[in-house]
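*Asks:* what would the 3D arrangement of this be:
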Amino acid sequence: KVVVAEAAKNAMKEAGGEIYERVFIVEPLMDGDRIAGAVGFSVRENKFYVFKAKAVLAAMGGAVHVFRPRSVGEGLGRSWYPPFNSGSSAYFTLRAGAEMTCQEVRFIPVRFKDAYGPVGAWFLLFKSRATNAFGGDYMVERRDELEKWAPYGLVKPIPANLRNWLGMLDMKEGKGPIYMRTEEAIQKIAQSSGDEKAAKKKLKELEAEAWEDFLDMTISQAILWAAQNIQPEEKGSEIFACEPYFIGSHSGASGAWVSGPQDVAPPEYFWGYNRMSTVKGLFCAGDASGASSHKFSDGSHCEGRIAAKGALAFIVDNPQQPKVDPKQVEALKERILKPLALYEQHKDLSDNPDINPNYIKPKMFMFRLQKIMDEYSGGYSADFTTSGKMLERGLELLQFLKEDSEKLAAADLHELMRCWENVQRMWQAEAHMRSILFREETRWPGYYFRADFPNMDKNWEVFVNCKWDPKTDKWEMMKRPVLKFISAGN
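*Replies:* Residues are numbered from 1 along each chain as shown. All right, here's what the predicted structure looks like:
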């Protein structure tokens, strides 16, 4: 990512442009139904930024810490997805009035327990397997369960959510913990080396690679191995399902409903410019763009190029500069900086600045949000299970939280950023709960399970979309067709 960023900086310099860094973008600027720019503030200086644009590309990542994380206490903040991604993309596009899609689809990765170490190298490079505590291979023993989720349950490789689900079923039956059998994998590869001397040499190489894998990607996992006296060549390590995340890539799907390419997209999926949202001039890529789960880092990079080209085409066809109302800017500035003013007004009413009857600090606000989502929207403490009545109660509690968001307070610019991060998480949470409530079925067990609609329903083989209306402050839920216009043979 650093290498790619360096290339982008060099290209921008050659083009005579300027990159603004450490600016937290909050709200879109609108000229009727067209995007006109964005506003935000510096997290290092007392500066408020107003960016005017003929087109805007949103690529601000997904959302983490919407749900209560498994890592609490001294481990608070540890997560699989970057903790600095707070739902900026979803908030920005929602507030612009864009139609969103797949907001019910959250991603739950299975990773090494507690330190979130990656499992891909073990499955793919070391050819390891995962078993329950009794040595049972749940991917083999529960193969019949996959037929229940046909046709997608029968494809190869087995979809990520169903791999999760089979392991969760073992946990529900008291067969946990689930282990990555590192010792099996290492010994098997070493023994295939031939004579005893070659096997010992290979074993040492594999041990080094096992530690190097974590030291390259997740240093905390190597520290945890050392702290728990785990030697991967001697015994397995626990793996587990993390808390839910919201991403438009890497097996996630939540994001904006964007136009497809003109050459292959049917009319229902195309409205003028590739990767443009339903808001004129607002383009999305990466985790900001929904319904395209199979893009990962390289796919997101590619989508960014596609979206940028679409934005340039839009600008060529719409060269006029959108109008920005100064009153709109002033109103947004006052709203965005309000937490600072609220803190200054009331900070002396208590001897502890974190506890005050007139405001709430962002950390406590985040804990309230996470508690609601974890308990009512199917977080890890609820075994990723929810129901219509639970979601309705969760939405009721979320409305109370939304009211209290007006009392968020910040002592400095860093806390101001934290305030708006949590407002963004709250909006992502509402879109999620409304979408799960609307979809009356269970289509992705292993990501979430609706106990009141435990099966897949062919009538729900559709995209669930939602939209917030800035004029009325009302949400609209809708279905969009799944059109299979590319044959399996192509």
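*Asks:* can you give me the buried ones in the longest helix along the chain?
*Replies:* In the chain, taking DSSP state H as the definition, the longest helix is helix 413-438. For helix 413-438, the neighbour count (16 or more other CB atoms under 10 Å) marks 413, 415-438 as buried. Placement of C-beta: from N, CA and C, glycine included.
*Asks:* and stretch 300-311, by the same measure?
*Replies:* Buried-residue list, stretch 300-311, by 16+ other CB under 10 Å: Ser300, Glu303, Gly304, Ala307, Ala308, Gly310, Ala311.
*Asks:* mind saving the C-alpha coords of it as PDB?
*Replies:* Extracted C-alpha coordinates of stretch 300-311, given in PDB (Å, rounded to 0.1, in the frame of the first residue of the first chain):
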ATOM      1  CA  SER A 300     -10.000  -2.700  -5.100                       C
ATOM      2  CA  HIS A 301      -7.000  -0.900  -6.600                       C
ATOM      3  CA  CYS A 302      -8.300  -1.800 -10.000                       C
ATOM      4  CA  GLU A 303     -11.800  -0.600  -9.200                       C
ATOM      5  CA  GLY A 304     -10.300   2.700  -8.000                       C
ATOM      6  CA  ARG A 305      -8.800   3.200 -11.500                       C
ATOM      7  CA  ILE A 306     -12.100   2.200 -13.100                       C
ATOM      8  CA  ALA A 307     -14.000   4.700 -10.900                       C
ATOM      9  CA  ALA A 308     -11.500   7.500 -11.600                       C
ATOM     10  CA  LYS A 309     -11.900   7.000 -15.300                       C
ATOM     11  CA  GLY A 310     -15.700   7.100 -14.900                       C
ATOM     12  CA  ALA A 311     -15.400  10.300 -12.900                       C
END
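*Asks:* how much space between the residue located most distally from the centre of the chain and Tyr49?
*Replies:* Distance from the C-alpha centroid of the chain, by CA atoms, centre = their mean, peaks at Asp195 (47.8 Å). From Asp195 across to Tyr49, the span is 67 Å (CB to CB, to the nearest Å).
*Asks:* check Lys148 too.
*Replies:* According to CB to CB, Lys148 and Tyr49 sit 52 Å apart.
*Asks:* of the two, who's got more company?
*Replies:* Tyr49 (16 against 13; other CB atoms under 10 Å).
*Asks:* helix or strand for the more buried one, which one?
*Replies:* strand 48-52 (DSSP states H and E).
*Asks:* what does that strand contact?
*Replies:* By CB atoms under 8 Å, 6 or more residues apart in numbering, the residues outside strand 48-52 that reach it are 20, 23, 29, 36-42, 321-322, 324, 329, 333, 336-337.
*Asks:* with stretch 108-119 instead?
*Replies:* Stretch 108-119 is touched from outside by 70-71, 75, 78-80, 130, 160-161, 163-164, 167, 177, 180, 213-214, 217-218, 220-224, 237-245, 251, 384, 446-447, with contacts defined as CB under 8 Å, 6+ apart.
*Asks:* what about the residues you listed, which are in strands?
*Replies:* Taking DSSP state E, the ones among these that sit in strands are Ala130, Met180, Ser237, Glu238, Ile239, Phe240, Ala241.
*Asks:* related to what we said a few turns ago, now the strand holding Tyr49: mean pLDDT?
*Replies:* Across strand 48-52, pLDDT averages out at 99.
*Asks:* tell me how far the very next helix or strand once past it lies from the chain's centre.
*Replies:* Using DSSP H and E, the next helix or strand after strand 48-52 towards the C-terminus is strand 56-58. A distance of 18 Å separates the centroid of the chain from that of strand 56-58, by CA atoms, centre = their mean, to the nearest Å.
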